[in-house]
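A.B. asks: Predicted model and sequence below, questions to follow.
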Amino acid sequence: IWTLQQYAKGTSREQCRTKYGALMEEIVTFILGGEHSNLLLRENGLLYTDGLEKAVTWMNSSDASGKPITPRTGYVVEINALWYNALRFVADMSRESGNTTLADKLDAQAEITGKSFIEVFYNEHGYLFDYVSDNTDWRPDWSVRPNMIFAAAFDYSPLERGQQKNVLDFVTRELLTPKGIRTLSPKSS
């Protein structure tokens, strides 16, 4: 959906809605309906994924057996930032096409998701947990990784402006080098 959002910026929202509006609504409805095999919508509005046995994000390399070397399981920060952005974008596109019922439903879901996003990911140090597992109890991963940038950078961010600035400042301090952004802070290793 983020890619289609970029397409809308490059062409027009109307063109994107005409060509892909139904598909975007279908994707969001599919996830909301609990039909995805490894994206589980929890009551708090966040998506939960099992990354212990299978790599589920861009950064998971796998060993010879297919198991992730650095498993990330539970509530994964960039997946949920993408989810919030998708809910808001598809709600706006649905409203523009006249489907106010779906738009209102997605906006209500985004309110729940956004509130939970901050409660689950934003920590007292001013950055976002990389992932939080709640199989038996809340276990956040305190690793400072660049994945949190997505939550601050998307057009529809679950973070307040001050929180976005804190995240970007933290990434700049901990991860930015003259050659680019590190995938892990030296303090986290």
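C.D. replies: Looks like it came in fine. Computed from a predicted model, the values in this text were never measured in an experiment. Numbers count the residues shown, from 1 in each chain.
A.B. asks: Which residues outside the least confident helix or strand in the chain by mean pLDDT are in contact with it?
C.D. replies: Using mean pLDDT, DSSP states H and E, the weakest-scoring helix or strand in the chain turns out to be strand 139-140, at a mean of 92. By CB atoms under 8 Å, 6 or more residues apart in numbering, the residues outside strand 139-140 that reach it are 74, 123, 129, 131, 132, 133. The way it works is simple: take the backbone N, C-alpha and C, and place the C-beta from them, glycine included.
A.B. asks: From what I see, the first one and residue 48 are in contact.
C.D. replies: Yes. The criterion here is CB atoms under 8 Å, and residue 74 meets it with residue 48 at 6.0 Å.
A.B. asks: Please identify every residue contacting each of these two.
C.D. replies: With CB under 8 Å, 6+ apart as the test, residue 74 and residue 48 both reach residue 134.
A.B. asks: who's more crowded, the two?
C.D. replies: A direct count of neighbours by other CB atoms under 10 Å for residue 74 and residue 48 places residue 74 higher, at 25 against 21.
A.B. asks: Now do the helix ranked longest in the chain: which elements does it pack against?
C.D. replies: Looking across the chain with DSSP state H, the single longest helix is helix 100-121. Using 3 or more CB pairs under 8 Å, 6 or more residues apart in numbering; DSSP states H and E, the elements in contact with helix 100-121 are helix 13-32, helix 77-96.
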